[in-house]
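Asker: Need a 3D model of the following:
(chains A and B)
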Amino acid sequence: MFKQKRSAEDFAEELQAHIQLEVDELRLEGMSEEEARRQARRKFGSVRREQEHFYMQGRWGWLDKCLRDLKHAFRSLLASPAFTITAVVTLALGVGANTAVFSVMHTVLLRTLPVKDADRLVYLWTTPPPHGTGTVNKNETFSYPVYDALRNQNGGMEAVMAYVPLSGSKVGVRIGAQPEEAEGDMVSGDFFSGLGVSLQRGRGFTAGDEKDHAPLAVISNDYWTRRFSRDPDVLGTTLYVNGVGLTIVGVAERGFEGLEAGRSTDFWIPLQSRPELNAWGNPLDEGKTYMANPTWWCLRLIGRLRPGVTKAQAVAQLQPVFQAAAYTGLGTPSPGDKKPVLNLVDAKGFPSYGEEYGRPLRLLMGLVGLVLLIALTNVAMLLMARNATRQREFSMKLALGAGRGDFLRQLLTESLLLVTAGGLLAWLFAIYATRALGAWAQIESSLAPDGAVLRFTAAVLAVAVVLFGAVPLRTALAGGPSLAIKTSAVVSGADTGKTRMGRVFVVLQMTVCVVLLVAAGLLIRTLRDLENTPLGFSTDGLVVFGVKPQIHSPEQGREFYCNLTAKLQQLPGVESVGVMMWRIGSWSSNNNEMLVDGKLPDVPSGGSRTVRTNVVGPGFFRTLEVPMLAGREFADSDTVSSRHVGIINEEFARRFLPGQNPLGHVIDTERRNFPITIVGVVKNHKYRSIDEEPIPMAWYEYAQIPVIGRMDVEMRVHGEPLAILPAARKVVQQMDPDLPLIQPMTQRAQYDLTISSQVLFARLAGFFGLLAVVLVAAGLYGALAYRVSRRTAEIGIRMAMGARRGQVVWMILKDSLVLTAIGVAAGVPSAMLVGRALASSLYGVTPLDGTSYALAVAGVVCVALAASALPASRAAAVEPLTALRTE
Amino acid sequence: MSTRASNDDRISLLQGTLDLLILKSLVFGPCHGQGIARTIQRQSEDVFLVEHGSLYVALQRLEEKKWIRAKWGLSENNRKARFYSLTHQGREQLAEKAAQWRRLTRAVGLIVDAGPAAQAEEA
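Answerer: Below is the predicted model of the structure:
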């Protein structure tokens, strides 16, 4: 037998033995058997008490107590299922929404890279580079000469590393016979050593690998698992990327997913210098790769600060080197030019996401924080109401000798049970919500709720436990044991101050509810405006797809597209066909400053000279049905040998050629010497996205421009647009059997993608607003119904004294209306503050949009009326005598 | 009653002293609970009357600390009883606690026995 588990029987036996021995001894002293037995018993005292003592003292006594508390709590919660379900679901929604939003916010804004000394890593950013350069991102990318200059600078930086994707999306890869796709980056030789990423297998790259452009590759742990099933012999395998063979020499450590924001990189190769592996998968620009082209700013840079060096010190050292290198290949800067300025950004979260998602995320966090606040006060209010009705039970227990400790334990156990159930449900909810949010923020890198998120949730829940446990304790003890013998409900309810606390809660909830409803209203109106924004043309019947033929000369390209357009045009049901270089509605654009008649046009100070350009074929505007305001559209007669022509939009004419006839003027970009003569002006229409403002645009004719690679085909058809795709695919494959249609979809779907993040944000905010209203309604109904029920006796007396039904109902309603009025008065100014914070996320509505406010206030009043009318009419229906006999 | 001193003469045990008394009473060999109670009562010349409740709580506690161990056996008059005996650890504890006790009583004695009150008693 284990010592700790000594049985109660064994102990009882020992006590009996003790008494028997005592009897023996007393008899030896001369007592009679009977007298001795009695004496021994008396001397020993209560045997039963000793046994209880023993039971409680054992190791399991404590656990037993807890189990008993738990059983008790279970039973008492099961006894009021409506309360339990409401509380658990409320908690789950409040906590779950918070966990989900926090998970995503943590990834996007706070998470450091999983490498050693991550706090010394900084991204290198710049203000816009000099005129005459092309960029991928005008703040985050650099030219090769700039990288070369910065890394050779032995100052405050231990290392400066470059990385650049092999494609804007995925790149073609072959391992066996089948072609597939993967995400790959070209990186500098010290990429892994400089970042402090270790290799779980094989080796990383060296400076030599970069210099020799060695055909090597390191794969990510994820890719190794997904594609190679963690094959230990993966090292030495050849990976063909765009047909170039690369040998796998290492596997990066688990958890490292590369530096592409929101993406998960599959493999890395040293910086290359060959046309097949140009940066971003771009075709060569005038025969030059990114390395040979000092005016193409395409590399991203990350650096490691030396220990003890601040960002400011490092920037100070790098700035002159950077500014000198920035003009490589551009000649000396002209005196008026603004030199680009380097700055360093902590490598935390995805800094480039900050603008697009950081603000909405913080706002969402604020919104769900309010939802959590409502949820918590709701549950506290529910508990208070529930425990007030249990006051009899508590008083009885106190009278029967229960201690304060026992109460605290019992109440804490109940809270614990509620919160545990709520927490589990919240976790489930959070997993789904996190996934939805991840899809919104377009994050493909792993988004599992991690340790920090777990701690955050646990902290919220711990606060909830203490709060919910402690709030009712006050109520429970306030009654005191004497209450058990009091008989009237009037007495029992009258003498506590907690009704005031209940009122404060109700007002607080109303306030928060107004704020959430206004925010939701503004965003939903934004959403509606976005969806109804006119594009400037009709998307009915428009379908778009891309093709990327193998083209070796401009002539060949021209012939291919000419042929393709003609063949597609002949398909039955096709109304019109046009081609374009940058697909409209896909965010992509080519931005330049343009010379008008040989010089940069004058613009009012602060005005932008940026012009978006695109390259399109004949019939493009006819296909879109964008009206020509002046001149003509491109025609088949515009060829390489004829005059180079261009088309501009209204905005271009308004800004750069005010008050003149734009036709006949010659425009040109600074960089490319390819002047075109304006032959047409089209009406403004949306180019990149739905929410863009009108911007000057210029179109080139595709047959006249020497660069022809991938093009996108726009077709207007009768009937269902997507139904034409099989026929179109057949046409394309007759011309080249290996050509797939790239991203075929309706033009409307393409445009909708550009507002998908706003749409999701508005939907989420709307969802949280609705959630808040439901929670507030439930809480309000519970609180008011409870308040009315406590006044049943009072109502009975009033009615017995002659009060009419209407008076009683009004008395109850007035009470709620006063609370509502205070809540709304506090809520509207708070909502204005929130509206101002939302301003940048709004489109088409002002932060002070009257309708949203009116609807929010009306909503809250409706909820308050509905929640109090029912209990009020119920109270008034009470028979006075019944009410008085309630006890 | 022959075995019981009057209430006034009894002194309640100092906290923790019971452990010492139990350990000490087991020095001369294994003993059962009733025997321990009797020994303490007898040796203290009926000053200490061990409350059975605290005795069994203390025994339980000492057993859990592994200072004593217990075994069922037969008493002199052939009654079944649970016999407690000192463990090695218990002996060490006894020596330590006894030394502590001596220091304590000496210190208390130094204070109580000095001064006018003590002289008056002597006189």
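Asker: Tell me the predicted confidence for residue 106.
Answerer: Because you didn't say which chain, this covers chain A. Residue A:106 carries a pLDDT value of 75.
Asker: wait, I meant chain B there
Answerer: Per-residue confidence at residue B:106 stands at 89 (pLDDT).
Asker: And residue A:551, its phi and psi?
Answerer: Here is the backbone geometry of residue A:551 (degrees, to the nearest 10): phi -120, psi 130.
Asker: got a list of what residue A:180 touches?
Answerer: A:172, A:173, A:174 (Cβ atoms under 8 Å, 6 or more residues apart in numbering or on different chains). Every C-beta, even on glycine, is put in place using the N, C-alpha and C of the backbone.
Asker: and it, that's in a strand?
Answerer: Yes: checked against DSSP: H, G, I helix; E, B strand; the rest coil, residue A:180 lies within a strand.
Asker: Show the model's pLDDT score for it.
Answerer: So, for residue A:180, pLDDT stands at 77.
Asker: again with residue A:829
Answerer: 92.
Asker: And residue A:199, by the same measure?
Answerer: We have a pLDDT of 90 for residue A:199.
Asker: my guess is it contacts residue A:192, does it?
Answerer: Yes: using Cβ atoms under 8 Å, residue A:199 is in contact with residue A:192, at 6.7 Å.
Asker: more neighbours, those two?
Answerer: Between residue A:199 and residue A:192, residue A:192 has the larger neighbour count (other Cβ atoms under 10 Å in any protein chain shown), namely 24 against 16.
Asker: Can you pull the phi/psi pair for the more buried one?
Answerer: Per-residue torsions, residue A:192: phi -70, psi -40 (degrees, to the nearest 10).
Asker: The residue in the stretch 251-400 of chain A that chain B sits nearest to: neighbouring residues, count only.
Answerer: Using Cβ to the nearest Cβ, the point where the stretch 251-400 of chain A gets nearest to chain B is residue A:400, with a distance of 23.0 Å. Using other Cβ under 10 Å, residue A:400 has 9 other residues around it.
Asker: Repeat that for residue A:666.
Answerer: 14.
Asker: Distance of it relative to chain B?
Answerer: Distance from residue A:666 to chain B, counting by Cβ to the nearest Cβ, to the nearest Å: 101 Å.
Asker: Now do the shared contacts for residue A:199 and residue A:192.
Answerer: Residues within reach of residue A:199 and of residue A:192 at once, by Cβ under 8 Å, 6+ apart, are A:218, A:250, A:252.
Asker: Among the residues you listed, which one lies nearest to residue A:877?
Answerer: residue A:252 (72.8 Å; Cβ to Cβ).
Asker: Check what pLDDT the closest one gets.
Answerer: Looking at residue A:252, the pLDDT reads 91.
Asker: State the number of residues packed around it.
Answerer: For residue A:252, using other Cβ under 10 Å, the count is 27.
Asker: Would you quantify the distance from the residue lying closest to residue A:640 once chain neighbours are set aside to residue A:583?
Answerer: Counting by Cβ to Cβ, 6 or more residues apart in numbering or on different chains, residue A:640 lies nearest to residue A:704, which is 5.9 Å off, once chain neighbours are set aside. Residue A:704 sits 20 Å away from residue A:583, going by Cβ to Cβ, to the nearest Å.
Asker: from the chain's centre, how far out does the strand or helix carrying residue A:427 sit?
Answerer: According to DSSP states H and E, residue A:427 maps onto helix A:404-440. Relative to the centre of its chain, helix A:404-440 is centred 22 Å away, using Cα atoms, centre = their mean, to the nearest Å.
Asker: so what does that helix touch, helix or strand wise?
Answerer: With contacts defined as 3 or more Cβ pairs under 8 Å, 6 or more residues apart in numbering or on different chains; DSSP states H and E, helix A:404-440 has these neighbours: helix A:59-79, helix A:81-105, helix A:359-389, helix A:391-399, helix A:451-479, helix A:756-790.
Asker: Can I get stretch A:415-426 as CSV, trimmed to CA atoms?
Answerer: Taking Å, rounded to 0.1, in the frame of the first residue of the first chain, the C-alpha atoms of stretch A:415-426 are listed here in CSV:
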residue,chain,number,x,y,z
SER,A,415,-16.0,31.7,-13.5
LEU,A,416,-13.2,29.4,-14.4
LEU,A,417,-15.6,26.9,-15.9
LEU,A,418,-17.4,29.6,-17.9
VAL,A,419,-14.1,31.1,-19.1
THR,A,420,-12.6,27.8,-20.0
ALA,A,421,-15.6,26.8,-22.0
GLY,A,422,-15.7,30.3,-23.6
GLY,A,423,-12.0,30.1,-24.2
LEU,A,424,-12.1,26.8,-26.0
LEU,A,425,-14.9,28.0,-28.2
ALA,A,426,-13.0,31.3,-28.7
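Asker: Do a quick rundown of the helices in the stretch 551-700 of chain A.
Answerer: Using DSSP state H, counting those that start in this stretch, the helices of the stretch 551-700 of chain A run over A:554-569, A:620-624, A:650-656.
Asker: Comparing the ones you listed, which comes out most buried?
Answerer: For the helices of the stretch 551-700 of chain A, the largest average neighbour count (mean count of other Cβ atoms under 10 Å in any protein chain shown) is found in helix A:620-624, namely a mean of 23.
Asker: Mean confidence (pLDDT) on it, please.
Answerer: 91.
Asker: Relative to residue B:60, which of the helices and strands packed on helix A:404-440 is closest?
Answerer: Using Cβ to Cβ, the nearest of those to residue B:60 is helix A:59-79, at 10.7 Å.
Asker: what comes into contact with the closest one?
Answerer: Contact with helix A:59-79 is made by A:4, A:55, A:83, A:84, A:409, A:410, A:413, A:414, A:416, A:417, A:418, as judged by Cβ under 8 Å, 6+ apart.
Asker: who's in contact with the third one?
Answerer: Neighbour list for residue A:83: A:77, A:382, A:386 [criterion: Cβ under 8 Å, 6+ apart].
Asker: Look up the pLDDT of the second one for me, please.
Answerer: So the one you mean is residue A:382. 78.
Asker: At the geometric centre of chain B, which residue sits there?
Answerer: By Cα atoms, centre = their mean, chain B has its centre lying nearest to residue B:21, at 2.0 Å.
Asker: Skipping its backbone neighbours, what lies nearest that residue in space?
Answerer: Nearest one to residue B:21, counting by Cβ to Cβ, 6+ apart, is residue B:40 at 5.1 Å.
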